[in-house]
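Trainee: fold the following and give me the result.
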Amino acid sequence: MVTGIDLYEDAFHDLPLVAILRGIRPSDADGIAESLHGTGFRFIEVPLNSPKPFETIERFVSILPDTVLIGAGTVLDADDVQRLHDVGGRLMVSPNVAPDVIGAARERGMVSMPGAMTPTECFAALKAGATGLKIFPAGQLGPGYIKDIRAVLPMDAAILPVGGIGEDNMEAFLAAGASGFGFSSAIYKPGMTANTLRARAEALVAAYRKART
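Mentor: Residues are numbered from 1 along each chain as shown. As a prediction, the model looks like this:
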């Protein structure tokens, strides 16, 4: 079985952007999945405080190709890591640094991106086996904060600012040392149509690629 870790480097190099679909319902999964895949997204997160999240994740897994890493956010315990694995999820995002949760994901070959803010939290997450670091709330902290923590973290540590990131500030965060980004309300809000999401996704991808050049 191909694990998330097996596909991570290729997916992250291709497009290191995470679509966070907080509040999505299973009935909306088909159209949203096609729109995200069509715009190039390789990382899709369904927070567990969404309606029937595991059902939605399972639906995404059945629709999209194996090259797309689908998983859950707001994962708080190892039991939910197991449930996520059982429905085919290969991406685990948590709001905090919980070594047992990170370890459970790693043991199952999942990509893990725990939420961290301080250098202490970042180093603890990496020591526990995190694949990347979700720096939150990045919009409040600003690019200068990313530059400061990048100076002390391992050079190969993947840093993904989340919260308050959009088309207008990606370039500044990339210049400060960001590796990629996670988008929540900038890309999706509950009840949004697939066409609206596709337009937002296209704009974000275009802005990212422009900022990278």
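Trainee: for Gly73, give me phi and psi.
Mentor: Gly73 adopts backbone torsions of phi -120, psi 170, taken as degrees, to the nearest 10.
Trainee: tell me the helices and strands packed up against the helix or strand bottoming out on mean pLDDT in the chain.
Mentor: Least confident helix or strand, the chain: helix 138-141 with a mean of 94, by mean pLDDT, DSSP states H and E. Applying 3 or more CB pairs under 8 Å, 6 or more residues apart in numbering; DSSP states H and E, we find helix 138-141 packed against strand 158-161. The C-beta positions use only the backbone N, C-alpha and C, and glycine is treated the same way.
Trainee: what pairs with the strand it packs on, parallel or antiparallel?
Mentor: Strand 158-161 has the following strand partners under DSSP bridges: strand 132-135 (parallel).
Trainee: who touches the next helix or strand after the least confident helix or strand of the chain?
Mentor: As assigned by DSSP states H and E, the chain's next helix or strand after helix 138-141 is helix 143-150. Outside helix 143-150, the residues that touch it by CB atoms under 8 Å, 6 or more residues apart in numbering are 119, 122, 135, 138, 159, 161, 169, 172-173, 175-178.
Trainee: buried stuff in helix 143-150?
Mentor: Judged by neighbour count using 16 or more other CB atoms under 10 Å, the buried positions of helix 143-150 are 143, 145-146, 149-150.
Trainee: from the residues you listed, which is closest to Ile24?
Mentor: Distance to Ile24, by CB to CB, is smallest for Ile146 among these, at 28.2 Å.
Trainee: now that closest one, nearest residue through space, not along the chain?
Mentor: For Ile146, ignoring the flanking residues on the chain, the nearest one in space by CB to CB, 6 or more residues apart in numbering is Ala176 at 4.2 Å.
Trainee: on that earlier part again, now for the buried residues of helix 143-150: which two are most distant?
Mentor: Every pair of the buried residues of helix 143-150 checked by CB to CB; the farthest is Pro143 and Ile149, at 11.2 Å.
Trainee: now the strands for the protein?
Mentor: Under the criterion DSSP state E, strands of the chain are mapped to 17-20, 43-47, 69-73, 91-94, 111-116, 132-135, 158-161, 181-183.
Trainee: nearest to Tyr208, out of the ones you listed?
Mentor: Tyr208 lies closest, by CB to CB, to one member of those: strand 17-20, at 6.2 Å.
Trainee: which residues does the closest one contact?
Mentor: In this structure, residues lying in contact with strand 17-20 by CB under 8 Å, 6+ apart are 36, 41-45, 47, 73, 91, 93, 113, 160, 162, 180-184, 187-188, 201, 204-205, 208.
Trainee: hmm, back to that, quick one: which of the buried residues of helix 143-150 is nearest Phe60?
Mentor: Ile146 (29.6 Å).
Trainee: longest single helix anywhere in this protein?
Mentor: helix 194-212 (DSSP state H).
Trainee: what is the rounded mean pLDDT of that one?
Mentor: The average pLDDT within helix 194-212 is 97.
Trainee: list the buried residues in that helix.
Mentor: Buried residues in helix 194-212, counted by 16+ other CB under 10 Å: 194, 197-198, 200-201, 204-205, 207-208, 211.
Trainee: that concludes my questions; thank you for your assistance.
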